[in-house]
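Visitor: give me a model of this one.
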Amino acid sequence: MASLLGILLKLDHRSIRSVEQQLGFGTSALGKVLNGNIRLQMSHVIMILGVLEMTPAEFFDLAYQQKPKSPHRLVQELRKTQGDVEEDQSETPAFEAKVRRTLLKLLWELLRREGFETIFDDEKPV
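Guide: Numbers count the residues shown, from 1 in each chain. Okay, here's the model as predicted:
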């Protein structure tokens, strides 16, 4: 994943140093993350994707292009608990929008817990 982020930064003609400055990272910190010397965290991924103006959905779709043959057991369990979501609705735009809203809420809460609330306060999902 780190190497993919590095490739995307290069394709966007961004230097590691300029992204470090934009994100408020110390000198060479981002390079160490991308080279694997510092553990890549989800917060790093989200912040870098923000610089690239790429959504997490776009990034992870690119990173994991393979679609599963059947839904993951947790996806099936989520569908059961939602009650109003039938199996054949999984590919509809309405269902995708609902899933996206749910994921954004979860992501926002995770980032808030990690201390990023001052950055994302104005963008809290509905």
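
Visitor: what's near enough to touch the residue at minimal distance from the centre of the chain?
Guide: The centre of the chain sits closest to Pro56, judged by CA atoms, centre = their mean, with a distance of 3.0 Å. Applying CB atoms under 8 Å, 6 or more residues apart in numbering to Pro56 gives the contacts 45-46, 49, 103, 107. (Each C-beta comes from the backbone N, C-alpha and C, glycine too.)

Visitor: where is the longest helix in this structure?
Guide: helix 93-113 (DSSP state H).

Visitor: can you list the buried residues in it?
Guide: 95, 99, 104, 108, 111 (16 or more other CB atoms under 10 Å).

Visitor: next: stretch 7-17.
Guide: For stretch 7-17, by 16+ other CB under 10 Å, it's 8-9, 16.

Visitor: can you convert these into JSON lines and add a column each for secondary structure and distance to Gly26?
Guide: Below are those laid out as JSON lines (DSSP: H, G, I helix; E, B strand; the rest coil; distance: CB to CB, whole Å):
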{"residue": "Leu8", "secondary structure": "helix", "distance to Gly26": "22"}
{"residue": "Leu9", "secondary structure": "helix", "distance to Gly26": "17"}
{"residue": "Ile16", "secondary structure": "helix", "distance to Gly26": "12"}
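
Visitor: I'm done for today, thanks for sticking with me.
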